[in-house]
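Asker: With the sequence up front, the predicted model follows.
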Amino acid sequence: MVLAELGGCISNALRKLNNSSVIDKKELGKCLNEITHALRDADVNFEFINRHINNIKNNINFDHLSEGLNKRKIIEQAVFNELCSLLNSEKPSFTPRKGKPSIVMFVGLQGSGKTTTCTKYARHHKKNGWNPALICADTFRAGAFDQLKQNATKAKIPLYGSYTELDPVKVAVEGVERLKKEVYDLIIIDTSGRHKQEASLFEEMRQLEQATKPDVVIFVMDSSIGQSAFDQAQAFKQSVDVGAVIITKLDGHAKGGGALSAVAATDSPVIFIGTGEHMDDFEEFNTQSFVLRLLGMSDLPGFMKKINGVVISKDEKSKQAQDLSKGKFTFRMMYEQLQNILNMGPMSPLLSMLPGFKSDFMPKTKEKDAQAKIKRYMTILDSMTNKELDCKKDMCKSRIMRVARGVGLQVKEVTKLLEEYKRLAKMFSKVKTLNTPHMLKRMGGLQGLMKTLQT
Ligand SMILES: Nc1nc2c(ncn2[C@@H]2O[C@H](COP(=O)(O)OP(=O)(O)OP(=O)(O)O)[C@@H](O)[C@H]2O)c(=O)[nH]1
């Protein structure tokens, strides 16, 4: 059972309580039985299921619940709390400091997604103001250096590695020394994997840990490995000092429950999840947000945090607010808005924080089309002169033709962009404030915005 289905089954079990005229021990038992089956089908560790289901039972004492209380709500809250505690770790999560070098070492089995995740992690921190660099200490797999090099080049992250040196410890130590001197504040070491938990892999990890003294060791776990996740997580924890976990491949058909619950074996928090092969398919993990979304409930605080933080940065916000109050919406501002939408990354995870939106609301192909359209608009805007970008008037025909020729597109593409500009200018002229809910209302809600981008 994939995770989205797990959420659906748990919500269904809870919803059935609505239809019961009396909610008593028997009804609660039926509901918890259904939840137990759903968790089992999603590969959550049996021992954990029993422990958490018992906790729910023990936390709801029907004899002590007075008449007026909403029993369904109490049960729902107890289930929510237990699902959170299943995924929570007491240990605080590690955050690298800016301006001071932190060393982060990635470990995991071959194919778990380490190399991809290292670059995603570096890119995420770069976007948020760190100065990251990568080290390829995987001298075991031929092609590992080239793979990381390709990823790093795409993400514009500096990389240290060697085609000839076969000792991973030597590469890692030299890399750390060099990158520290070059004042990178986040030094990320990609290590090699093996097909299974081999002694040689663990020995290599131990040596790397001793030689580079990382501030944190991040264990990368593939979510599709089911029940065996628990043993794997435990074996890694026993070999190196795992301090954080990243679960990959939570997109697609992974059951995910096994990996999510196995995190307890590492006694470390999940800090990110990988939701696809693309660089942007990477999300910060927040237990409460995750469980809310799993159960199909809205995560409005998470949504607002993301949209306010990314769509309009604080500095831009005051300048743009000033311009808007003067009724000025220029092509340059349109460019900035499009850039902000691209910076948000994939829309589906964002939208799934809202009630009524499922994670597959926008299929990947549509998402790609929408992003291609934004990029096309930005290419057109790139070919405009500064004067044109800061102008808020319509463009004459000869200019439209010049711009179309400049970017090698048809005139109708430029005309489409102008229509979109007029629509946005009209909308912003009425808003005159950068209050996000207000703007979304003007856009006809997110559904309206998404429809526009998809057409
Ligand atoms: N669908 C999906 N694929 C992923 C994700 N993360 C990584 N992958 C894919 O998983 C495969 C293996 O990823 P790598 O990054 O090469 O794995 P690795 O752990 O570095 O492997 P070794 O270097 O051989 O130890 C690649 O095809 C990645 O594109 C994810 O979150 N979702």
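Answerer: Ah, there it is.
Asker: ok, K255 to K213 distance?
Answerer: Distance of K255 to K213, given as C-beta to C-beta, to the nearest Å: 36 Å. (Glycine included, C-beta is placed from N, CA and C.)
Asker: can you tell me how far Y160 sits from P96?
Answerer: From Y160 across to P96, the span is 18 Å (C-beta to C-beta).
Asker: coming back round to it: which of K255 and K213 has more neighbours?
Answerer: Neighbour count, other C-beta atoms under 10 Å: between K255 and K213, K255 has more, with 23 against 9.
Asker: Nearest residue to that one in space, ignoring adjacent ones along the chain?
Answerer: Distance criterion C-beta to C-beta, 6 or more residues apart in numbering; nearest residue to K255, sequence neighbours excluded, is D43 at 4.4 Å.
Asker: Backbone torsions only: list them for V216.
Answerer: Per-residue torsions, V216: phi -150, psi 140 (degrees, to the nearest 10).
Asker: That one is in contact with V240, isn't it?
Answerer: No. With contact defined as C-beta atoms under 8 Å, V216 does not count as touching V240 (10.6 Å).
Asker: For the two, list the residues in contact with both.
Answerer: Common contacts of V216 and V240 (C-beta atoms under 8 Å, 6 or more residues apart in numbering): M105.
Asker: Quick one: low-confidence residue ranges for the stretch 101-250 of the chain.
Answerer: Low-confidence segments of the stretch 101-250 of the chain (pLDDT under 70): 195-197.
Asker: tell me the domain boundaries of this structure?
Answerer: Segmentation of the chain into domains, based on automatic domain parsing, reads 3-87, 102-294, 300-454.
Asker: pull the CA atoms of stretch 227-241 into PDB?
Answerer: Written as PDB, here are the backbone C-alpha positions of stretch 227-241 (Å, rounded to 0.1, in the frame of the first residue of the first chain):
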ATOM      1  CA  GLN A 227      10.200  -4.300   6.500                       C
ATOM      2  CA  SER A 228      14.000  -4.800   6.000                       C
ATOM      3  CA  ALA A 229      14.400  -1.100   6.600                       C
ATOM      4  CA  PHE A 230      14.500  -1.600  10.400                       C
ATOM      5  CA  ASP A 231      17.500  -4.000  10.300                       C
ATOM      6  CA  GLN A 232      19.300  -1.800   7.800                       C
ATOM      7  CA  ALA A 233      18.800   1.300   9.800                       C
ATOM      8  CA  GLN A 234      20.000  -0.400  13.000                       C
ATOM      9  CA  ALA A 235      23.200  -1.800  11.300                       C
ATOM     10  CA  PHE A 236      24.200   1.700  10.100                       C
ATOM     11  CA  LYS A 237      23.500   3.200  13.500                       C
ATOM     12  CA  GLN A 238      25.800   0.600  15.100                       C
ATOM     13  CA  SER A 239      28.600   1.400  12.700                       C
ATOM     14  CA  VAL A 240      28.700   5.100  12.600                       C
ATOM     15  CA  ASP A 241      27.100   7.900  14.600                       C
END
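Asker: Contacts only, for G193.
Answerer: G108, L109, Q110, G111, S112, K114, D138, F140, R141, L201.
Asker: Show me which residues of the stretch 51-200 of the chain are close to the ligand?
Answerer: With C-beta under 6 Å from any ligand atom as the criterion, the stretch 51-200 of the chain comes near the ligand at residues 108, 110-116, 138, 141, 144, 192-193.
Asker: Buried only: go through those residues for me.
Answerer: By neighbour count, with 16 or more other C-beta atoms under 10 Å, these hold G108, Q110, S112, G113, K114, T115, T116, D138, A144, S192, G193 as buried.
Asker: before we move on, the earlier item: among the contacts of G193, list the two that are farthest apart in space.
Answerer: Based on C-beta to C-beta, the longest span within those runs between S112 and F140 and measures 14.3 Å.
Asker: what does the stretch 201-350 of the chain put close to the ligand?
Answerer: The stretch 201-350 of the chain comes close to the ligand at residues T248, K249, D251, G252, G274, T275, G276, E277, D281, as judged by C-beta under 6 Å from any ligand atom.
Asker: Which members of these occur in strands, if any?
Answerer: T248, G274 (DSSP state E).
Asker: who wins for most neighbours among the residues of the stretch 201-350 of the chain next to the ligand?
Answerer: With neighbours taken as other C-beta under 10 Å, the top of those is T248, carrying 28 neighbours.
Asker: Tell me the bridge partners for it.
Answerer: Applying DSSP bridges to T248 yields these beta-bridge partners: D222.
Asker: any idea how far I10 is from it?
Answerer: Computed as C-beta to C-beta, the T248 to I10 distance reads 23 Å.
Asker: Just give me the residue right at the centre of the chain.
Answerer: By C-alpha atoms, centre = their mean, the chain has its centre lying nearest to E283, at 1.2 Å.
Asker: Now do it, the pLDDT please.
Answerer: In this model, E283 is scored at 87, pLDDT.
Asker: got it, and M304?
Answerer: Looking at M304, its pLDDT stands at 53.
Asker: for Q320, same thing?
Answerer: With respect to pLDDT, Q320 scores 58.
Asker: what do you get for the one 4 residues further on?
Answerer: We note a pLDDT of 61 for L324 in this prediction.
Asker: sorry, back to before: would you agree the residue nearest to the centre of the chain is in contact with G276?
Answerer: No. Taking contacts as C-beta under 8 Å, E283 lies outside contact range of G276: 10.1 Å.
Asker: Thanks a lot, catch you later.
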